[in-house]
Every structure is written in structure tokens, then in C-alpha cells.
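Asks: Quick one: sequence plus predicted model below, questions after.
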Amino acid sequence: MPPQLKIELRNADLGYRKESPLLQGIDLTLTSDDTVCVLGQNGTGKTTLFKTLLGFLPPLSGGLTLNGKPLEEYQPRELARHIAYVPQAHHTPFPYTVSQVVLFGRTAHMGFFGTPQKKDRTAVERILDMLDIRHLARRSYTELSGGERQMVIIARALAQEARLLILDEPASSLDYGNQVRLLDKIRLLKEQHTGILMATHQPDQAFLLDAQVLMLTEKHLLRYDDPSHALQPRLLKKIYGVDIQVIDTALAGNGPSKVCRPVITSWQQTSNDQTP
Ligand SMILES: Nc1ncnc2c1ncn2[C@@H]1O[C@H](COP(=O)(O)OP(=O)(O)OP(=O)(O)O)[C@@H](O)[C@H]1O
């Protein structure tokens, strides 16, 4: 098994302005054995946290290390062998084929001149097969639908073969089948000791991945090792400001059994109106 990766934030303020940080006094340790879903309202700083961990945005204060060494001392290529990123939005103005876009993910593994070897092309084919998108291989990336592009960007991140994968709402534009396939692949990566840090607005995904939960609220992080401890109506209301029931479907032996179900206020109104 490859050595464990460990990224640590210590007493760090994160954001864009020292006088008004988005997240304050953050202590966070992530390893390649962690699978973590990040939940929080729009604008609470999930992407900002990711940009910090990826070295795109220095912490406003405090420390950030990767395997004990300050993150800023890593060269981008070296960092890319450790951490891969699936951003929320991605634009490629040039009409590269899907195979070429995924091959870019191999850059950190290529030699000095960046010439792809047979093993790089084989890795690309394996990942296209794994995500069931081999049929897109020769298509131009710019011609794809939003969901197809998202699958290609996920493939590009997997091609990096990094020990930690940071995904920013990766399923948001995927059809239901691709969402399920993606969660399936993430569970496989988890078994292979690839760390996962994933922002999502679907709390159920924490149950489906049996993931730890990181909640962003009031400039702080709350971490829960067990999704059942995090996904409780009281805490969900605190994050999203709406009522959400957590129902035990009791389908034991068939994966996780808990699901979140929103309470739609107008339903209650309608049923009250119909009461004789
Ligand atoms: N480059 C920037 N300079 C200043 N403020 C920024 C910058 N990028 C983002 N912000 C602000 O930081 C806050 C947090 O943004 P961020 O994208 O981290 O939120 P998020 O939790 O990922 O939101 P969402 O769920 O909507 O994706 C927002 O108010 C945003 O406007």
C-alpha cells in the first residue's frame, strides 16, 4: 500500500481579507484514509477551504502542511501527484478530444518533456472504461453536455492517481444514473485508500458513502465521524434553515438505510386545509 498522505491546517483563518475571514481558527487533519462530505449553505466557504488545501489561496494566518512540510514549499507537479481536484466550473476553450483532456491528468507523472508513454494512454483508457465514458473518447470536449463534461473532468482527476481527491459538488450536473455510478466509484476509491473530500448539497450522499461529515457553520467547522451523528433534523435545520426528517428505511443488509426527506411547508398547509 502507498504511504498515507496527511494534510493539516493549524489554527488557520481562511478567506480573502484578513479583517473578515470566512473561516476562523480552523484545525483540520485529513488523511488518505478519510472520506469526508462537506456540507454548508451557499457562500459559507466550501470552495474557499478547497482552494486553500490545494495551495491556490494561502491561509490568512496559521499553518498548512502536507506530510509535515509547508504546502507552499511543494512544486505544482509534486502537489499534483498528491492531490487532485474536480472544480465546480471548468472551461476549456480549445477543442481537445476527451482522451486528450483526460491525458492532461497524467502530466504530473510524465517525464521532463511531458511526452505521454504507453502506460499513460493505458491509464486513460482504463479510467474511461471505469467511468463508462469510453464512447466519448474521440469527441471534442467543447461539444459535450454539462454532465458529460463533468464526467470527463472527474476522469482527468482520477488519471492523476493522487492520494487525495477533492471534489466540489461533483454530482451537481449529472443525471441520476451517473450520480449513482459516481458514488459507486468513490466507494471503490475509498477501499483503495484514496482520501475523498467532497462538497455536496445532497446530505444523503454522506449516508450512501458512509462518510464523515464536515459542516461549515458560523465561520467554524464541525466534524462528525459518523454520518448519523451529523445528519439529524436539528443540525440539518441549523445548516439549511428548513425542516428535514431523517428516516430509517430499515433495509438492513442492503447498504445504508437512512435517508433525508425534506418537509415541504405547503404540503402541511394543504393537508390542514383538507381536514374537515
Ligand atoms: N476571489 C474572491 N475574492 C473575494 N471574495 C470571494 C472570492 N471568491 C469567493 N468569494 C466569496 O467568499 C464567499 C464563500 O465563497 P465559496 O465559493 O467558498 O462558498 P461555497 O460554500 O463554496 O458556496 P456554494 O455552495 O455556493 O458553492 C462568498 O461570499 C464569495 O462571494
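Replies: Thanks, I have it.
Asks: from here on, contacts and neighbour counts on C-alpha atoms
Replies: OK.
Asks: so where's the chain shaky on pLDDT?
Replies: 1-3, 111-113, 251-255, 267-276 (pLDDT under 70).
Asks: Regarding it, what is its longest helix?
Replies: helix 176-191 (DSSP state H).
Asks: From the contact counts, what lies against that helix?
Replies: strand 195-199, helix 204-209 (3 or more C-alpha pairs under 8 Å, 6 or more residues apart in numbering; DSSP states H and E).
Asks: Now render those as JSON lines, adding distance to residue 44 and mean neighbour count.
Replies: Output for the helices and strands packed on helix 176-191, formatted as JSON lines (distance: least, C-alpha to C-alpha, whole Å; neighbours: other C-alpha atoms under 10 Å):
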{"stretch": "strand 195-199", "distance to residue 44": "12", "mean neighbour count": "26"}
{"stretch": "helix 204-209", "distance to residue 44": "19", "mean neighbour count": "20"}
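Asks: Output the ones you listed as JSON lines; include the columns distance to residue 122.
Replies: Conversion of those to JSON lines gives the following (distance: least, C-alpha to C-alpha, whole Å):
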{"stretch": "strand 195-199", "distance to residue 122": "23"}
{"stretch": "helix 204-209", "distance to residue 122": "28"}
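Asks: For residue 221, find the nearest of the ones you listed.
Replies: Across the helices and strands packed on helix 176-191, residue 221 has its closest neighbour in strand 195-199 (13.2 Å, C-alpha to C-alpha).
Asks: how about that closest one, does it reach the ligand?
Replies: No - applying C-alpha under 6 Å from any ligand atom, one finds strand 195-199 separated from the ligand by no less than 7.9 Å.
Asks: mind listing what residue 249 touches?
Replies: By C-alpha atoms under 8 Å, 6 or more residues apart in numbering, the contact list for residue 249 reads 257, 258, 259.
Asks: again, only this time at 10 Å
Replies: Residue 249 makes contact with 256, 257, 258, 259 under the criterion C-alpha atoms under 10 Å, 6 or more residues apart in numbering.
Asks: that older thread, quick one: contacts of the longest helix of the chain?
Replies: Against helix 176-191 from outside (C-alpha under 10 Å, 6+ apart): 32-35, 130-132, 147-148, 151, 154, 158, 163-165, 170-175, 192-196, 198, 205, 208-211.
Asks: Need the phi and psi values for residue 246.
Replies: For residue 246, the backbone dihedrals are phi -110, psi 120 (criterion: degrees, to the nearest 10).
Asks: so it touches residue 229, yeah?
Replies: No - look at residue 246 against residue 229 with C-alpha atoms under 10 Å: they stay out of range, at 11.2 Å.
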